[in-house]
Structures are given as structure tokens and as C-alpha cells.
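J.: Sequence first, then the predicted structure:
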Amino acid sequence: MSYGGPLQLVPLDPKASDHLHGRLGDGKTLAARLLSTHTLGAWSAFALVSPGLSEDKLYRFTESGAVPRVPPEQWQHVSGGDLAQPVVSTNEQLVAALSARLRSTPSGFLTVEDPMGQASDPWLARSELRPWLLGNEVYFAADGTSFERLAEVVSNGGGAWPGLLAVVCSQLPASFVDWHKDLNLDESDVMTMAESASEIWVGAYDNESYLLWTPSEAIAHQYRKLLETDVSAT
């Protein structure tokens, strides 16, 4: 269920870097190259949460509570007659902001790690969203020209565990042709993407929302403006 209320991009203190380093440590080759090529401890971290969130909830990155929960009278019936509480997510707002951000950055594109996917998975052959493969590792990527493609890319990397790991880069792999073709990456391609990374989005709050990691206050400021504006229809 999409969260429709206001959001804030809240600065986090340095203790957030432990969680972010841990998430990259659980990642694949691109995550490892990000750790080795950047002094990420010097980057600033921000949480995408509802206004007024308490500090206690703000730093519980693995627990829900980033946005208000659905009241019990709106819970949904499931098989057996039980009630299930819908998960409220800021995913749509994030995709809209990413789309606008990428359109303002002509060379920018988003790369998302598929944490559970493997190159041999049969569904990849049927998917219209073509993967980028590094050995058995699966990645998906998009620029800002297609909102639908970008939303699908984010969705493919946004499972409940370990959550989204999305990187905005500015240097495409040398063998890139277009967004509709498979791409076999090599180590130099991944290193190029890692070196050109300007921001990292990481899933948090039990799949409710996200953390931003960037060395640039200007980028954080741009996201603040975007997330306070309805860009989903642009």
C-alpha cells in the first residue's frame, strides 16, 4: 500500500553508517566495489520518514514505524478469515523522486542489485526487463526516460530482505547498447559504475522506506525538494 502523506529527508548522525556498511557488506560485487572505492564514512546519511518521527524509531532501521500504520478498521481479510495489516511503503514517492533526479542528470542512471536472483533463473528469459549479469549475479538498470521501467527496476531489487540496494551512477559500462538488451558485465564495468556513484539508496524500516547515502549536500537538497513536490505525473 502506498503511503500518501508528507515525508521528510532527515539527517542521521554517524552511527547510521554502521547499518549502511553492513548492508553493503551483505551485497554482491557492486556493493563490495563501493566499499573499496569510496570513503563512505565521510558520506552523509538521511532517512526518508514521516515528519515528527521520534529519534528512537528513527534509528531502528530494521523495524517498521517510518510512516503511520494502517488503522485496524482498514486491515484486509485473507484466507481463513484472518485480518492482515497492509505494509505501507514510500516506494512510489521514491521512484517519482528518482525519475526527476535522473532526468535532471543526463548521464545518470540507476543500478539495482537483485539480492536473490541468479543468472540461471528461468524467469529472466521471459522478463521484458533485461538484466545486467556479472557471472551469476543479477542487476537491473534504468535511466529517467521511462517512469514505468524505473519503477520495475526498483521493484525487482526491493524484496523484504535484505531490502533495496540502488546506486545512482554516471558512467555506463563500455559494452552498453540500450536499455532493452541483456548486458554481460565484467569487473572493469562494475568498478567504473562504483567509481562514478553519487548516491546510494538502501531499503529500511521493514520495507516501509529508505535511507539515502551521499557525499553531496546538493544532492540531498534536491531530493528534499523533489519529495516535497508531486512529480509522479511528470
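T.: Looks like it arrived, so ask away.

J.: same question for stretch 195-204, mean pLDDT?
T.: In this model, stretch 195-204 has a mean pLDDT of 96.

J.: Which parts of this structure are helices?
T.: Secondary structure of the chain (DSSP state H): helices at 16-25, 29-37, 55-58, 91-103, 122-126, 147-156, 187-195, 217-227.

J.: so residue 115 touches residue 24, yeah?
T.: No. Here residue 115 does not reach residue 24: they are 11.9 Å apart, not a contact under Cβ atoms under 8 Å. Yep, even glycine has a C-beta here, placed from its N, CA and C like the rest.

J.: where do the contact lists of those two overlap?
T.: residue 165 (Cβ atoms under 8 Å, 6 or more residues apart in numbering).

J.: quick revisit: who wins for proximity to residue 163 among the helices of the chain?
T.: helix 16-25 (7.3 Å; Cβ to Cβ).

J.: Does anything pack onto the closest one? Which helices or strands?
T.: helix 29-37, strand 44-49, strand 199-204, strand 209-214 (3 or more Cβ pairs under 8 Å, 6 or more residues apart in numbering; DSSP states H and E).

J.: could you dump these to TSV with distance to residue 149 and mean neighbour count?
T.: Below are those laid out as TSV (distance: least, Cβ to Cβ, whole Å; neighbours: other Cβ atoms under 10 Å):
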stretch	distance to residue 149	mean neighbour count
helix 29-37	19	18
strand 44-49	22	22
strand 199-204	17	25
strand 209-214	19	24
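
J.: Of all these, which one comes closest to residue 4?
T.: strand 209-214 (13.5 Å).

J.: The closest one vs helix 16-25, what angle?
T.: 100 degrees (axes from the mean of the first three to the mean of the last three Cα atoms, to 10 degrees).

J.: List the pairing partners of strand 209-214 within its sheet, with orientation.
T.: Sheet pairing for strand 209-214, assigned by DSSP bridges, gives strand 44-49 (antiparallel), strand 199-204 (antiparallel).
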